[in-house]
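*Asks:* need the 3D shape of this:
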Amino acid sequence: MKRILCAAMMLILTGCATKQADPTDIVSTPAVTQTPEVAVMPAPEATKTPAVSEPEATETPTAESTSYTAIMLPMRDTYPPVMLAEDDLVSDGYYTMCRDGKWGLMESDGAVLLPCRADNPVRRCASSTLKWHYVVSASSEDWKTYNDTLAAANAGTLCSGEHDGLLLAWTYDIDSGKVCKSAGMMGDDEPLTDTDKIYGEYLPCQRCVWADGDGDPGYYETAEDGGYVFANADGELLNDTVYEDAGCFYDQNLAPVKLNGKWGYINLQGELVTATVYEPVYGNDYANNYALRYASPLLNGYAAVCRDGKWGVIDDSIKNEYIPCEYEYAAWNGHVLWLKQNGKWQSQRIPGVPKDWTDTKMNIWTYPKELKATDHYWRVTSDVGLNMRVGPGTNYNKWQLVPAHTCLQDLGHNEDNTWMLSKYAGWYGWVSMEYLEEVTQ
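*Replies:* Below you'll find the model as predicted:
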């Protein structure tokens, strides 16, 4: 019986990589705070206190927010919910939260946008614009109030029910080594494009075989022994390991992988750098009674993890758990961390990470006049990354480091074509063209 592949491609955040005008514009990744050497492989040992030095700023939620029983990243509703590091959903800084079994929506800092009234977590619609699925029984007056609250916070609108269609999966043909995108028997194979490079050079591909359509068009179906491998557009494998499940690298140094029923993380060399001791922390396994399915990708160099029912945070230094797994819950959206201890939630900052999208978007509410989306992409060539700045010049403030090898979309140039406008992790900014190379077909 023909089966439909349902591992999904995600919406992407486009950004620009540029070459720098001078060496001083290349910076290395900011050092994280020093932490005790707690080995992660084998399983890390929890310590009495979080391995985090005094944060740059500590925020406490309102009295109302401390009563939440769960705080989670929202997920897209019609896609298998693999959270994207390069997704506006993450960089915009929202959480869905629960009180007394009912769910609502808040901003990273705890400001309530939608009250806890829904039976299920609030999800973002798969629409390219910011829309929320908030399933409640409400009057038209209440509905208008909810939309007005969202509009006042520049946080989108409630979804009226429209949805996007075909789900695509990255597939690896185990017979030919071909890598493509497929929707199983619902759609033919499609070649990879430049947009796929946003997810990383090596993609988590489902192992598939080509099936005869018996008079209908052929299609890809999951191989008998299934599994996932990391492969690039040319079909070259990152390593020889077949994983039970896997997530993307995006622009980060680590990617989550599942072996023997548990999750761990591999690096860009294909090496397992943590023990596979972590539990899934978000997403629904539709074939397993909607149980949690995925480990989190890294967001701005960090990921919330759960080990033996306790939560913490890992970072890309891979030397230890940045915050040991000893908390009741942890929620990390790439900007503001929420930790639950003794039934109470508290938010805190991780040094060197922007608070949320309002700290990093341009200090203007209109788009730059140079903004014009193109189908051209550029890759950062500097091994230490490239600064994104407020304006086209080294005299403008830095506000984001674009990692090495990141693929960014061309959104415009200054008059002498020395700086490019782009978007990275939800932020518009300028990068120098000196350390950029164009991505060709």
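
*Asks:* can you list the weak-confidence ranges in the stretch 301-441 of the chain?
*Replies:* 354-373, 375, 425-427, 440-441 (pLDDT under 70).

*Asks:* tell me where it has strands.
*Replies:* 302-307, 310-315, 321-327, 329-332, 337-341, 344-348, 377-380, 386-389, 398-402, 407-409, 419-424, 427-432, 436-439 (DSSP state E, counting those that start in this stretch).

*Asks:* out of those, flag the one nearest residue 122.
*Replies:* Closest approach to residue 122 among the strands of the stretch 301-441 of the chain is made by strand 329-332 (13.8 Å; CB to CB). Where you see a C-beta, it was placed from the backbone N, CA and C, and this is true even at glycine.

*Asks:* can you give me the pLDDT of the nearest residue to residue 262 once chain neighbours are set aside?
*Replies:* Distances taken as CB to CB, 6 or more residues apart in numbering put residue 276 closest to residue 262, at 4.4 Å, once the chain neighbours are dropped. Looking at residue 276, its pLDDT reads 96.

*Asks:* okay, and residue 276 sits in which element?
*Replies:* Assigned by DSSP states H and E, residue 276 belongs to no helix or strand.

*Asks:* please shift the residue numbers so they start at 424 in all later answers.
*Replies:* Okay, residue one is now 424; in that scheme the one you just asked about reads as residue 699.

*Asks:* can you list the domains in the protein?
*Replies:* 446-453+780-862, 490-581, 592-771 (automatic domain parsing).

*Asks:* re earlier: list the contacts for the residue nearest to residue 685?
*Replies:* 680, 681, 682, 683, 685, 686, 687 (CB atoms under 8 Å, 6 or more residues apart in numbering).

*Asks:* just the buried members of those residues?
*Replies:* Using 16 or more other CB atoms under 10 Å as the burial test, those include 680, 681, 682, 685, 686, 687 as buried.

*Asks:* quick check: the farthest pair among these?
*Replies:* Most distant of the buried ones among the contacts of residue 699, by CB to CB, are 680 and 685, 9.9 Å apart.

*Asks:* ok, back up a step: pick the one among the buried ones among the contacts of residue 699 closest to residue 726.
*Replies:* residue 686 (10.0 Å).

*Asks:* gap between that closest one and residue 756?
*Replies:* Distance of residue 686 to residue 756, computed by CB to CB, to the nearest Å: 19 Å.

*Asks:* I'd say residue 490 and residue 521 touch.
*Replies:* No - counting by CB atoms under 8 Å, residue 490 stays clear of residue 521, with 10.1 Å between them.

*Asks:* check contacts around the closest residue to residue 812 other than its chain neighbours.
*Replies:* Setting aside the residues directly before and after it, residue 812 is nearest to residue 819 in space (CB to CB, 6+ apart), at 4.3 Å. By CB under 8 Å, 6+ apart, residue 819 lies in contact with 812, 813, 853.

*Asks:* pretty sure residue 567 is in a helix, no?
*Replies:* Yes - under DSSP: H, G, I helix; E, B strand; the rest coil, residue 567 falls within a helix.

*Asks:* and the pLDDT for it?
*Replies:* Reading off the model, residue 567 has pLDDT 90.

*Asks:* tell me the gap between stretch 611-630 and the middle of its chain.
*Replies:* 16 Å (CA atoms, centre = their mean, to the nearest Å).

*Asks:* buried set for it?
*Replies:* 612, 615, 619-630.

*Asks:* which one of these is nearest residue 837?
*Replies:* residue 621 (23.9 Å).

*Asks:* could you measure from the closest one over to residue 824?
*Replies:* 17 Å.

*Asks:* contacts only, for residue 519.
*Replies:* 494, 495, 496, 497, 526, 527, 528, 529, 544, 545, 546.

*Asks:* hmm, 10 Å instead?
*Replies:* 493-498, 526-529, 536-537, 539, 541, 543-547, 555, 557, 754 (CB atoms under 10 Å, 6 or more residues apart in numbering).

*Asks:* so where's the stretch 424-573 of the chain uncertain?
*Replies:* In the stretch 424-573 of the chain (pLDDT under 70), the answer is 424-489, 499-515, 549-552.

*Asks:* wait, isn't residue 685 in contact with residue 695?
*Replies:* No - using CB atoms under 10 Å, residue 685 makes no contact with residue 695, being 11.6 Å away.

*Asks:* related to what we said a few turns ago, and which of the buried ones among the contacts of residue 699 is nearest to residue 654?
*Replies:* residue 680 (13.7 Å).

*Asks:* still on that earlier bit, roughly how far apart are the residue nearest to residue 685 and residue 657?
*Replies:* Taken as CB to CB, the span from residue 699 to residue 657 is 28 Å.

*Asks:* max-length strand in the chain?
*Replies:* Ranked by residue count and defined by DSSP state E, the top strand of the chain is strand 626-634.

*Asks:* Provide the strand pairings for that strand, with the direction of each partner.
*Replies:* Strand 626-634 has its sheet partners listed here by DSSP bridges as strand 592-596 (parallel), strand 642-645 (antiparallel), strand 651-654 (antiparallel).

*Asks:* and the helix or strand following the first one, what does it pack against?
*Replies:* It stands for strand 592-596. Note on strand 592-596: by DSSP H and E, the next helix or strand toward the C-terminus is strand 602-605. Packed against strand 602-605 by the contact rule (3 or more CB pairs under 10 Å, 6 or more residues apart in numbering; DSSP states H and E) you find strand 592-596, strand 626-634, strand 642-645.

*Asks:* pull up the distance across stretch 728-739, start to finish.
*Replies:* 13 Å (CA to CA, to the nearest Å).

*Asks:* quick one: buried residues of that stretch?
*Replies:* 728, 729, 730, 733, 734, 735, 736, 737, 738, 739.

*Asks:* how far does it sit from its chain's centre?
*Replies:* 17 Å.

*Asks:* most neighbours among the contacts of residue 819, which one?
*Replies:* Neighbour tally across these (other CB atoms under 10 Å): the maximum, 26 neighbours, falls on residue 853.

*Asks:* if I look at it, how far off is residue 799?
*Replies:* 16 Å.

*Asks:* ditto for residue 649
*Replies:* Distance from residue 649 to residue 799, by CB to CB: 37 Å.

*Asks:* who's more crowded, these two?
*Replies:* Neighbour comparison, residue 649 and residue 799: the larger count goes to residue 799, with 15 against 12 (by other CB under 10 Å).

*Asks:* the residue lying closest to the more buried one once chain neighbours are set aside: neighbouring residues, count only.
*Replies:* Once flanking residues are discounted, residue 799 sits nearest to residue 833: 4.0 Å by CB to CB, 6+ apart. The number of residues packed near residue 833 is 22, by other CB under 10 Å.

*Asks:* kind regards, and thank you for your time.
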